[in-house]
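1. here is my input, please return the structure:
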Amino acid sequence: MGIIKNATVCKLLMSSLNLPKNVPLLPGNQFTDPFKVNHHKTQTFSVRDGAIQERTTAIEERVDRTLIESMRTRAPGSTSYGTRPKPDNQYVPRIQPAWLKYDRKVLCFDAYFQESVVEDKNENFRVRKCKIYYYLNDDTIHITEVRLENAGIPQGIFLKRQRVPKSLGGTDWYSFRDFNLATTMNFYERHFRICDCDTFTKEFYRTQDIPLNPPETVQTDNFEYLKSIKDIKIPPPDTKEYKEYFEVKLGGGHPNGGLKKYLENDRKTLSFDVVWDDRTPEGAVNYFTLNYFLSDDTVEVKEKIRVNSGKDPFPLLLRRGKLAKAPSITAYPGMSQRRDEFYGPQDLICGRTIVIYGRECLICNCDEFTRQWYKANFKLDQAPIELRGEKPRKYWQPIPPYNNYGNEEDSLGSVFSLQPKPPKKDYIKMFTSDQFILRFEARLLSENREDNIRKFILSFFCGDDTIQVYELTDRNSGIWGGKFLERSRYKNPITNLYYNERDLHIGGSINLGKWRFQLLKADEFTQNYMNERVENFPENNLDSILEKIRVHAKNYRSVEEFLIHFVRTVDANQNGYLEFNEFAEGTKNLGLNLTYHELYTLMRRFDANGDFRLSMEELYNGITRGFA
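-> The predicted structure is shown next:
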C-alpha cells in the first residue's frame, strides 16, 4: 500500500514539474515499469463465433455512407470508384524516360580557369585547361583536368561525377540548357570559361533548337609559352664570326673550312637513279640509288629491291664513303703515295657513266631536290633518260578443276596460298538482306513432255545468293513432291558467275546443275520487293515500259493513228479486257519488243478487277498520259 502511494506521489510530482514523460534511451535510464500488470503478447489472430479472424483495429477502411444507405434501401447506386487512369507508358514506353532516352550520351566542353601563382618571377597566374562532361541521363557533371607534363601541380580528376547546384546550399541544379560557348560557369565558387565543345554536343544543341555562341580560343599563360620555346635554341647570328675573330686575334688556329661546309650543307643529299647492266652469264639489269652527301662529299649506293626478282635482298652495294674515280688498291694503304681523285657533284650528270669499283653504271634520273640544286648552283637542267624497259615475264598457271570437296571458294584457297584461309563472307549483305526470300513459280524444261508440266517453287535467298527448289505435285500423279534441290549457290553457265537477284526475271530460264527451269510467276512479296528496287529490276519500272510504247509511236504519222492501231491490234476481240497470252500475241504483232516480265508488270498494274486481266481503258489512259 505504501508503494502505491509513493508511485502516485511520483507521478504528481513529475506532472507538476513539467518533466518529460519519456526518458532518453541511454545507459542508466532503463528500468522496468512497476505499474505494468498485463504482460501477455498481443495476438493478431483470434477466434470469434467459431471462425478464425484477424484483428483490424489498426486498419482504417474507407466507408462510403452513400453506398451503405443505398444498400439499406435496396436501391444501390454506382458501386465503382471511377475508372483506372490510363498510364502514360505501356510495356514499350511511349514517352521515354531520361535514363533510357539519353543513355550513354555525354556532352563534352573544353573549358579553363585561371589560378593565381605567388612567389614566381616568371608568372603570376596559370591557365588550367579542363574537360567538362555533362551526363544527360541523370544531369550529373564530371570535370577532368588535361594533364600537362612537368606542370608541378596535381592533375586528373578535378570534380567527381555529381549533380552541381547553381549556388552553394541551393536546390536549383545545372542542366544542359545552362551551358553555352563563350560563357562563364560557376561550379562551387570556381569560375570556368567554356570555349569550345565536340561535334556531338553541337549536333545535340542543334536538335534542341538551342543556338550556340561562336567558339573562342584558350588563353595562353607564361608557363605554356616558356615550355614551348624551351627546346628551341636560337644562337645569335654573329656568334660564329666572333668566335673565329677572337681565335685568330689570340694566336689560335685558322677557321675550320670543313665545319662551315658541314653547317651549310647538313642533311642535303643529291639522289640519283643508276643502272648497272651486268653482262656476265648469271647477270641481269640491276637498279640502284646513288646518294651524294654534300656535307662531306661522301657517296653511298643502295640496291632497289624489286618484288619477285628472284634475288636475295642485298641492301648496300657501296657503304657511305668517298668514291674514287680510279681507286688504287695496295696491301698497305697507309704507305700509298698516290693521290686519288674522287667524284664530285660536277661529275654526276644524267646520261653520263660512272665507274663504281669496276662496275660501269649509267645515271638515268634524279629527284626534284637534285634538279633544283643543279639549276641553282650549276645553271644546269638534269634531263632524265628513258630506258628501254625489260619485257615483263608473264607466268600463267592453269587453275585445276573443282574437286567437289567443300565449296569452290574453299578449294581455291589451297590454290592461291600455301596456307589456305577461309573465304571471306559478305556479312553486311547477310545482316541487311537475310530476311528477304524471293519465291517464283517455275516449270521444268525438258525433252520429256511429261516433265514439262511439273510445277516447282524456286526460292532465292538474298542474304547469301542461295537457291532452293521444291516440287508441287498433284494427288495420285506418281511423282514424289517435296524438296527437289538442296539450298546452295549455283553458277550461270554463260557468265561462269553465281546467280544473283538481278538474273531472276519472269519468263527467263536458269540452269541449276543439269536441270533447267523457266520462271512463270512471282508471289506478292517478290513483286513488291522488285518494285521497290527498280534499279536492280528495270523490267519492273512502269515508266520505262510505257516510254518504250511511246517511242514506238514515233513510227506513225500521229499519236491518234498509233493509239487506234494499238487498240485494234492488241484487243482483237474488242471486249475491253485482255488475257496474258492475248496481250503477248498483240504486242508481238504490233512490233513491240517487250519481255514477259514487262508484260507481267503491265498486267499487274492495269488489272482493274484483280482477276489478272488487263483493262484496255486503264492501259490506254496510262499511255496517253505521257503524250499530254
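2. got phi/psi on the nearest residue in space to A151 that is not next to it in sequence?
-> Spatially, and ignoring its direct neighbours in sequence, A151 is nearest to F223 (7.6 Å; C-beta to C-beta, 6 or more residues apart in numbering). Yep, even glycine has a C-beta here, placed from its N, CA and C like the rest. Dihedral angles of F223 (phi, psi; degrees, to the nearest 10) stand at phi -60, psi -50.
3. surely F223 meets F125?
-> No: with contact defined as C-beta atoms under 8 Å, F223 does not reach F125; the gap is 9.3 Å.
4. neighbour-wise, which of those two wins?
-> Neighbour totals were compared for F223 and F125, and F223 leads with 19 against 15 (other C-beta atoms under 10 Å).
5. for N377, see how far away that one is.
-> To N377, F223 is 46 Å away according to C-beta to C-beta, to the nearest Å.
6. ok, N403 - contacts?
-> By C-beta atoms under 8 Å, 6 or more residues apart in numbering, the residues touching N403 are S411.
7. so it: helix, strand or coil?
-> Per DSSP: H, G, I helix; E, B strand; the rest coil, the secondary structure class of N403 is coil.
8. hang on, the earlier thing: and the gap between the residue nearest to A151 and E115?
-> Taken as C-beta to C-beta, the span from F223 to E115 is 11 Å.
9. anything in contact with each of the two?
-> By C-beta under 8 Å, 6+ apart, the residues touching both F223 and E115 are R126.
10. where's the residue nearest to R605 when sequence neighbours are not counted relative to F436, distance?
-> Nearest residue to R605 in three dimensions, chain neighbours excluded: L542, at 5.7 Å (C-beta to C-beta, 6+ apart). As judged by C-beta to C-beta, L542 and F436 stand 22 Å apart.
11. wait, F461 sits on R487?
-> Yes: if you go by C-beta under 8 Å, F461 and R487 touch, sitting 7.0 Å apart.
12. what comes up buried for the strand or helix carrying S544?
-> S544 belongs to helix 542-552 when assigned by DSSP states H and E. Using 16 or more other C-beta atoms under 10 Å as the test for burial, helix 542-552 gives 542, 545-546, 549, 552.
13. per-residue confidence for the residue nearest to R605?
-> L542 is assigned 83 on the pLDDT scale.
14. quick one: contacts for it?
-> Applying C-beta under 8 Å, 6+ apart, the residues near L542 are 601-602, 605, 622.
15. and the buried residues of helix 542-552, which two are the farthest apart?
-> Spatial extent of the buried residues of helix 542-552 (C-beta to C-beta) is set by the pair L542 and H552 at 16.1 Å.
16. ok, back up a step: among the contacts of L542, which lie within helices?
-> Judged by DSSP state H, helices contain the following of the contacts of L542: 601-602, 605, 622.
17. closest to Q419 out of these?
-> So of these, ranked by how close each gets to Q419 (C-beta to C-beta), first place is T601, at 50.5 Å.
18. quick check: the residue lying closest to the closest one once chain neighbours are set aside vs M530, distance?
-> Counting by C-beta to C-beta, 6+ apart, N540 is the residue found nearest to T601 once chain neighbours are left out, at 5.5 Å. From N540 across to M530, the span is 4 Å (C-beta to C-beta).
19. so in the protein, where's the weakest helix or strand by average pLDDT?
-> helix 2-16 (a mean of 46; mean pLDDT, DSSP states H and E).
20. could you point out which element follows that helix?
-> strand 45-48.
21. that next one pairs with which strands?
-> Here strand 45-48 has these sheet partners by DSSP bridges: strand 51-54 (antiparallel).
22. relative to the whole chain's centre, how far out is the strand it pairs with?
-> Relative to its parent chain, strand 51-54 has a centroid offset of 69 Å by C-alpha atoms, centre = their mean, to the nearest Å.
23. SS state for the nearest residue to F378 once chain neighbours are set aside?
-> Nearest residue to F378 in three dimensions, chain neighbours excluded: Q346, at 7.1 Å (C-beta to C-beta, 6+ apart). Three-state assignment for Q346 (three-state DSSP): helix.
24. just the one 4 residues further on next, same as before
-> Put simply, C350 is coil when judged by three-state DSSP.
25. what's the answer for V469, then?
-> Three-state assignment for V469 (three-state DSSP): strand.
26. going forward, count from 27.
-> Let's use 27 as the start, then, which means that last one is V495.
27. that one: how many residues sit nearby?
-> 19.
28. gap between it and D322?
-> From V495 to D322 the distance is 80 Å (C-beta to C-beta).
29. just to revisit the earlier point, so the residue nearest to R631 versus E605, what's the distance?
-> L568 is 20 Å from E605, by C-beta to C-beta.
30. that older thread, any idea how far F314 is from the residue nearest to R631?
-> L568 sits 67 Å away from F314, going by C-beta to C-beta.
31. and the strands in the stretch 277-426 of the chain?
-> Using DSSP state E, counting those that start in this stretch, the strands of the stretch 277-426 of the chain run over 295-303, 311-319, 324-329, 342-347, 379-382, 385-392.
32. now mean neighbour count and distance to T552 too, for those strands, in JSON lines please.
-> Shown next, in JSON lines, are these (neighbours: other C-beta atoms under 10 Å; distance: least, C-beta to C-beta, whole Å):
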{"stretch": "strand 295-303", "mean neighbour count": "18", "distance to T552": "62"}
{"stretch": "strand 311-319", "mean neighbour count": "17", "distance to T552": "60"}
{"stretch": "strand 324-329", "mean neighbour count": "18", "distance to T552": "62"}
{"stretch": "strand 342-347", "mean neighbour count": "13", "distance to T552": "67"}
{"stretch": "strand 379-382", "mean neighbour count": "16", "distance to T552": "73"}
{"stretch": "strand 385-392", "mean neighbour count": "18", "distance to T552": "62"}
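33. nearest to G508, out of the ones you listed?
-> For G508, the closest of those is strand 311-319, at 67.3 Å, according to C-beta to C-beta.
34. other SSEs contacting that closest one?
-> If contacts are counted by 3 or more C-beta pairs under 8 Å, 6 or more residues apart in numbering; DSSP states H and E, strand 311-319 sits against strand 295-303, strand 324-329, strand 385-392.
35. one more time with 10 Å, if that's ok
-> strand 295-303, strand 324-329, strand 342-347, strand 379-382, strand 385-392 (3 or more C-beta pairs under 10 Å, 6 or more residues apart in numbering; DSSP states H and E).
36. reformat those as a markdown table; add distance to W399 and mean pLDDT.
-> A markdown table is the format used below for these (distance: least, C-beta to C-beta, whole Å; pLDDT from 0 to 100):
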| stretch | distance to W399 | mean pLDDT |
| --- | --- | --- |
| strand 295-303 | 6 | 94 |
| strand 324-329 | 16 | 94 |
| strand 342-347 | 19 | 92 |
| strand 379-382 | 18 | 94 |
| strand 385-392 | 9 | 94 |
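37. let me have the ones you listed in TSV, extended by distance to K451.
-> Listed next are those as TSV, based on distance: least, C-beta to C-beta, whole Å:
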stretch	distance to K451
strand 295-303	45
strand 324-329	42
strand 342-347	46
strand 379-382	54
strand 385-392	46
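38. tell me the pLDDT at D114?
-> Note on D114: pLDDT of 60.
39. picking up where we left off before, which residues are in contact with the residue nearest to A177?
-> Taking C-beta atoms under 10 Å, 6 or more residues apart in numbering, we find F249 in contact with 143, 146, 148-149, 151-153, 174, 176-178.
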